[in-house]
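# Sequence and predicted structure, then a few things I'm wondering about:
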Amino acid sequence: MKLIGSLTSPFARKVRVVLAEKKIEVEFAIESPWVPGNHVADANPLGKIPALVLDDETVLFDSRVIVEYLDNVTPNNKLMPAPNRERTEVKRWEALADGVADAAALIFLERKRPEAHRDAAWIARQKEKIDRGLAFMAEQLGEDAWCMGTHFSLADIATGATLGYLAFRFPEIEWRETHANLGRLYDKLMQRQSFIDTVPSE
């Protein structure tokens, strides 16, 4: 299998952490859809990362689809429960984390435009999504050890990938100060080799 992604994408990081936790080895092809001459669209018609090329050349895209597939490839270290209410809650955490990461990525891209062409109202709208999302994460986490209470799951991986992206791209967003429990969760995640090895970098 081959994973196509970048070293900065929170969605690619989520997949890379899942691969590490599941002990699945793949080729990692570093590509960014924003680099001229990239070949991302050759694999994913939507031109987005990550994309996973299977051994039979089938291509999976959207990180949520990829991680669900990977969790079922091997029975070890299951990150998602069987279909039931708990699985829905894990997927809700993932959707929330992905939504916050989406909003952050949109701000990052908007800020790359010439200052005269930036849409301040658009940036403010995305920032509100981030703030609301983080507040909801913190409320749901409470004093629990992990997002789902007592055990590590895909919910923690998705949340950690998003928090790591915010720390990397938006140090001015002081989520650790505002939501100390999210800071404790991320510090605990950063003790895992899968997170240590996937810290965002240019």
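Cool, got the structure.
# Quick check: buried residues in the helix or strand containing residue 88?
In this assignment (DSSP states H and E), residue 88 forms part of helix 85-111. When burial is assessed from 16 or more other C-beta atoms under 10 Å, helix 85-111 yields the following buried residues: 89-91, 93-94, 96-107. C-beta: built from backbone N, CA, C; applies to glycine.
# Just want the angle from the helix or strand that it is followed by to helix 85-111.
Going down the chain from helix 85-111, the next helix or strand is helix 120-141, by DSSP H and E. Helix 120-141 and helix 85-111 meet at an angle of 150 degrees, taking axes from the mean of the first three to the mean of the last three C-alpha atoms, to 10 degrees as the criterion.
# relative to its centroid, which residue of this protein is most remote?
For the chain, the largest distance from the centre (C-alpha atoms, centre = their mean) belongs to residue 116, which lies 30.7 Å off.
# From residue 49, how far off is the spatially closest residue to residue 33 that is not a sequence neighbour?
In space, not counting the residues next to it along the chain, residue 33 is nearest to residue 40; the distance is 4.5 Å by C-beta to C-beta, 6 or more residues apart in numbering. Distance, residue 40 to residue 49, using C-beta to C-beta, to the nearest Å: 6 Å.
# the more surrounded of those two?
residue 49 (26 against 23; other C-beta atoms under 10 Å).
# Hmm, residue 33 and the more buried one touching each other?
Yes - counting by C-beta atoms under 8 Å, residue 49 touches residue 33, with 6.3 Å between them.
# residue contacts, the residue nearest to residue 33?
4, 31, 32, 33, 47, 48, 49, 51 (C-beta atoms under 8 Å, 6 or more residues apart in numbering).
# Residue 145 too?
Here residue 145 is in contact with residue 188 (C-beta under 8 Å, 6+ apart).
# How much space separates it from residue 167?
Going from residue 145 to residue 167 by C-beta to C-beta gives 21 Å.
# in the chain, which spans are strands?
Taking DSSP state E, the strands of the chain run over residues 2-5, 27-30, 51-53, 59-61.
# out of those, nearest to residue 186?
Closest of the strands of the chain to residue 186 is strand 2-5, at 20.8 Å (criterion: C-beta to C-beta).
# Partner strands of the closest one and their direction?
strand 27-30 (parallel), strand 51-53 (antiparallel) (DSSP bridges).
# between residue 40 and residue 49, what contacts are shared?
4, 31, 32, 33.
# can I see the domain layout of the chain?
Domain assignment for the chain by automatic domain parsing gives 2-73, 85-194.
# show me where pLDDT drops low in this protein?
For the chain, no stretch is flagged by pLDDT under 70.
# if we can go back for a sec, can you redo the shared contacts of residue 40 and residue 49 as CSV, where the extra columns are distance to residue 175 and neighbour count?
As requested, these are exported to CSV (distance: C-beta to C-beta, whole Å; neighbours: other C-beta atoms under 10 Å):
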residue, distance to residue 175, neighbour count
4, 29, 26
31, 29, 21
32, 25, 16
33, 27, 16
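# Fine by me, we can end here.
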